[in-house]
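Undergrad: 3D model of this:
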Amino acid sequence: MNFRLLIVDDEKNIREGLADALAQDGYTTVTAEDGTAGWKRFEKGDIDLVITDLRMGGMSGEEFQRKIAAEAPGIPVIILTGHGTVENAVAAMRNGAYDFLSKPVNLDHLSMLVKRALANRELALKNSSLEAELEKQKRLGTMIGSSAPMRKVYDTISRAAPSKASVLISGESGVGKELVADAIHELSPRRDKPLIKTHCAAIPDSLVESELFGHEKGAFTGAVGRRRGRFELANEGTLFLDEIGEIDQSIQIKLLRIIQERKFERVGGEETIEADVRIVAATNRDLKAEVEAGKFREDLYFRLNVVNIHVPPLRERKEDLPLLLSAFLKEFAGENKKHVEGFDEAARAVMYAYNWPGNVRELRNCVESAVVMCEGALITGADLPPTIKAQDDGEGVVIPPGTTMEEAEKLIVRAAVNRCKGNKSRAADLLGMGRKTLYRRLVEWGES
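TA: Residues are numbered from 1 along each chain as shown. As a prediction, the model looks like this:
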């Protein structure tokens, strides 16, 4: 790391001499003739350590050090003292200075102090970065996966979450769109406010407007009292609209208005209510195609799709299967109080060869079923649900369009191992591959 040091002293020879000496240690140095000039330079940023004299014209070193301690407490400050100012230097240390040196300065001692102070600062920065990453991972909740497609999802979540922008989450059923919405809320400044979830497809068309915007007493038959809607409940927080593509166009118009104006009225009411709501929507439909077909309003689509997060299907990130299988196995083994250690070769081969049309949700259900059915320490192919085993009964290997050569190889190898009921030697012969080569491939994929 290339550190930049700021040296402040009203004696030109001293500040330039110190700058030259520290530059020889590999640091970038900048100088200032007094505290006022030093503070102006410090405010520009990119300073990692400050060396300052105490007694100077303009802003004193003491005042300069106090401003740094208040504005940037992580920046180390080394005080230079002349005769009669040691007490002042000690006071400065009590106010946050890192250390002090008496003039004339011992350059070797100064070099050691600078090196130690910067090492402490770098460690603090790394710890802070690690804590931030751990907090981010914590707020990503139960999302599991380290594949390139999932890292892209995590990165987009991290960038979008702090903003107020609407987010449209797309992806097939079962990929975990709701978990993405949870993570966006948890990583946002609204995390301490409500996260209200609405599954649009589960609400009868006649009740959607009331569910979203609320209603007044007597607004319709059965409205026996005032009811607050989801927008009102989510005020200052986040509203997650799952399966947004299912709502009627008459409701789409009202959604567009509240996104644009942040205002609405309850059904049967005249009072205009303001709501500061961040909208996160999700769909398993191709909304762009729905727009072209005239089934979804184009203006609403663009309002919702400010940030798009596409969650990949499980078949496109099978390298995440080991993590997912491990997590689900631990969950359901504990829940069912069973000692199940893992999956045998045949079971894993079946699961890797399967295409998972129901995605992570289907995988989770599969593992739960297998744990319940398992009678030993390892889940076998016989413990898997019939639907999973049925696909494996065919002679061919299904390779989806867009599959990379590396992933296609994995699918073929896994299918061969499964066909040979976990016998790797027979699988290698079937593939025309050396046994060591097959073993090496499996080890590289974490499947040995």
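Undergrad: so how far is residue 311 from the residue nearest to the spatial centre of the chain?
TA: Closest to where the C-alpha atoms of the chain average out (C-alpha atoms, centre = their mean) is residue 154, at 4.1 Å. Per C-beta to C-beta, to the nearest Å, residue 154 is found 11 Å from residue 311. Heads up, the C-betas are built off the backbone N, CA and C, glycines and all.
Undergrad: residue 306: how many residues sit nearby?
TA: 15 (other C-beta atoms under 10 Å).
Undergrad: following element in sequence after the worst-scoring helix or strand of the chain on mean pLDDT, please.
TA: Of all helical and strand segments in the chain, the minimum by mean pLDDT, DSSP states H and E falls on helix 386-392, at a mean of 69. Using DSSP states H and E, the helix or strand that follows helix 386-392 in sequence is helix 405-419.
Undergrad: and stretch 413-431, how far out from the chain's middle?
TA: Using C-alpha atoms, centre = their mean, to the nearest Å, the mean C-alpha position of stretch 413-431 is found 38 Å from that of the whole chain.
Undergrad: can you tell me the average pLDDT over it?
TA: In this model, stretch 413-431 carries a mean pLDDT of 74.
Undergrad: give me the distance between the two termini of that stretch.
TA: From its first residue to its last, stretch 413-431 covers 8 Å (C-alpha to C-alpha, to the nearest Å).
Undergrad: what's the answer for stretch 335-351, then?
TA: Stretch 335-351: ends 22 Å apart by C-alpha to C-alpha.
Undergrad: buried stuff in that stretch?
TA: Neighbour-count burial for stretch 335-351 flags 340, 343-351 (criterion: 16 or more other C-beta atoms under 10 Å).
Undergrad: quick one: which of the residues you listed sit in strands?
TA: Counting by DSSP state E, these place residue 343 in strands.
Undergrad: now tabulate the buried residues of stretch 335-351 in a markdown table and tack on distance to residue 198 and pLDDT.
TA: As requested, those are arranged in a markdown table below (distance: C-beta to C-beta, whole Å; pLDDT from 0 to 100):
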| residue | distance to residue 198 | pLDDT |
| --- | --- | --- |
| 340 | 37 | 91 |
| 343 | 37 | 90 |
| 344 | 43 | 86 |
| 345 | 44 | 80 |
| 346 | 43 | 82 |
| 347 | 38 | 87 |
| 348 | 38 | 86 |
| 349 | 41 | 84 |
| 350 | 37 | 87 |
| 351 | 34 | 88 |
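Undergrad: for the buried residues of stretch 335-351, work out which two are farthest apart.
TA: Using C-beta to C-beta, the buried residues of stretch 335-351 reach their maximum pairwise distance at 340 and 349, which is 18.0 Å.
Undergrad: show me the contacts for the nearest residue to residue 297 once chain neighbours are set aside.
TA: Spatially, and ignoring its direct neighbours in sequence, residue 297 is nearest to residue 252 (4.7 Å; C-beta to C-beta, 6 or more residues apart in numbering). For residue 252, the contacting residues are 296-297, 300, by C-beta atoms under 8 Å, 6 or more residues apart in numbering.
Undergrad: ok, now residue 166?
TA: Contacts of residue 166 (C-beta under 8 Å, 6+ apart): 259, 278-281, 303-307.
Undergrad: go ahead and name everything in contact with stretch 189-206.
TA: With C-beta under 8 Å, 6+ apart, stretch 189-206 has contacts from 139, 162, 178, 181-182, 185, 208, 211-212, 230, 233-244, 246-248, 278.
Undergrad: just how off-centre is that stretch within its chain?
TA: 21 Å.
Undergrad: can I get that stretch in PDB, CA atoms only?
TA: The C-alpha trace of stretch 189-206 is given here as PDB (Å, rounded to 0.1, in the frame of the first residue of the first chain):
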ATOM      1  CA  PRO A 189     -31.000   2.800   5.300                       C
ATOM      2  CA  ARG A 190     -34.600   1.700   5.800                       C
ATOM      3  CA  ARG A 191     -33.600  -1.600   7.600                       C
ATOM      4  CA  ASP A 192     -35.100  -0.400  10.900                       C
ATOM      5  CA  LYS A 193     -38.400   0.400   9.200                       C
ATOM      6  CA  PRO A 194     -41.100  -2.000   8.000                       C
ATOM      7  CA  LEU A 195     -40.600  -4.500   5.200                       C
ATOM      8  CA  ILE A 196     -44.100  -5.300   3.900                       C
ATOM      9  CA  LYS A 197     -44.600  -8.200   1.500                       C
ATOM     10  CA  THR A 198     -47.500  -8.800  -0.800                       C
ATOM     11  CA  HIS A 199     -47.900 -11.700  -3.200                       C
ATOM     12  CA  CYS A 200     -50.000 -10.100  -5.900                       C
ATOM     13  CA  ALA A 201     -51.000 -13.400  -7.500                       C
ATOM     14  CA  ALA A 202     -52.500 -14.700  -4.300                       C
ATOM     15  CA  ILE A 203     -54.900 -11.700  -3.900                       C
ATOM     16  CA  PRO A 204     -58.300 -11.900  -5.700                       C
ATOM     17  CA  ASP A 205     -58.600  -9.200  -8.400                       C
ATOM     18  CA  SER A 206     -61.500  -7.600  -6.500                       C
END
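Undergrad: what's the burial count for the spatially closest residue to residue 342 that is not a sequence neighbour?
TA: Leaving aside its chain neighbours, residue 342 sits nearest to residue 378 (5.8 Å; criterion: C-beta to C-beta, 6+ apart). Neighbour count of residue 378, defined by other C-beta under 10 Å: 15.
Undergrad: doesn't residue 345 make contact with residue 378?
TA: No - contact criterion C-beta atoms under 8 Å: residue 378 and residue 345 do not qualify, at 9.4 Å.
Undergrad: for the two, list the residues in contact with both.
TA: With C-beta under 8 Å, 6+ apart, residue 378 and residue 345 have no common neighbours.
Undergrad: got the contact list for residue 365?
TA: So, once contact is read as C-beta under 8 Å, 6+ apart, residue 365 ends up touching 358, 385.
Undergrad: how much space between it and residue 357?
TA: 12 Å.
Undergrad: related to what we said a few turns ago, got phi/psi on the residue nearest to residue 297?
TA: In terms of degrees, to the nearest 10, the main-chain angles of residue 252 are phi -60, psi -40.
Undergrad: how far out from the middle of the chain is the one helix or strand residue 51 maps to?
TA: Assessed by DSSP H and E, residue 51 sits inside strand 49-53. Put simply, strand 49-53 sits 38 Å off its chain's centre (C-alpha atoms, centre = their mean).
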